[in-house]
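need a 3D model of the following:
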Amino acid sequence: MATIVFGTAVTGGNIVVTWSGLATGDTGAAFVNLAFFRIVTVSYVATAWGTSTLTFEGSNDNTTFYTLSDPQGTAISKVANGLEAVQESTIYYRPNFSGGAGGSGLTVTAVFTAKQPG
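The predicted structure is shown next:
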């Protein structure tokens, strides 16, 4: 069980945050979002999922984290590769790869896009 550090890049005006190499029991270090980046999408790809589950979480105090949801209100709690939009705007974001066993090689990429005024 480890806390996985993220890498960042700026691409096309977006902030791209990547947590790589998560295994079952690992949590990503929390990324602090900037106020004007409010549109978030997250992708997740694992070498092996096993019986593990990825949740994408948010917090406003960096202590208590909650599972975030997509625009349809469905929790971002996944057991297979995919891509989701994130409904909530929080200050901190992180992935949590937990439960079960055998999950490895998970890469989670969150793209933060500035919300246009108007």
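
may I see the buried residues of the worst-scoring helix or strand of the chain on mean pLDDT?
Ranking every helix and strand in the chain by mean pLDDT, DSSP states H and E puts strand 37-45 at the bottom, with a mean of 91. Using 16 or more other Cβ atoms under 10 Å as the test for burial, strand 37-45 gives Phe37, Val40, Val42, Tyr44. For the C-beta atoms, the positions are set from N, CA and C on the backbone; glycine is no exception.

do the same with stretch 22-34
For stretch 22-34, by 16+ other Cβ under 10 Å, it's Leu22, Ala23, Thr24, Asp26, Thr27, Gly28, Ala30, Phe31, Asn33.

next, the contact list for the third one, please.
This points to Thr24. Gly50, Ser52, Phe97, Ser98, Gly99, Gly100, Ala101, Gly102, Gly103, Ser104 (Cβ atoms under 8 Å, 6 or more residues apart in numbering).

among those, who's most crowded?
Phe97 (27 neighbours; other Cβ atoms under 10 Å).
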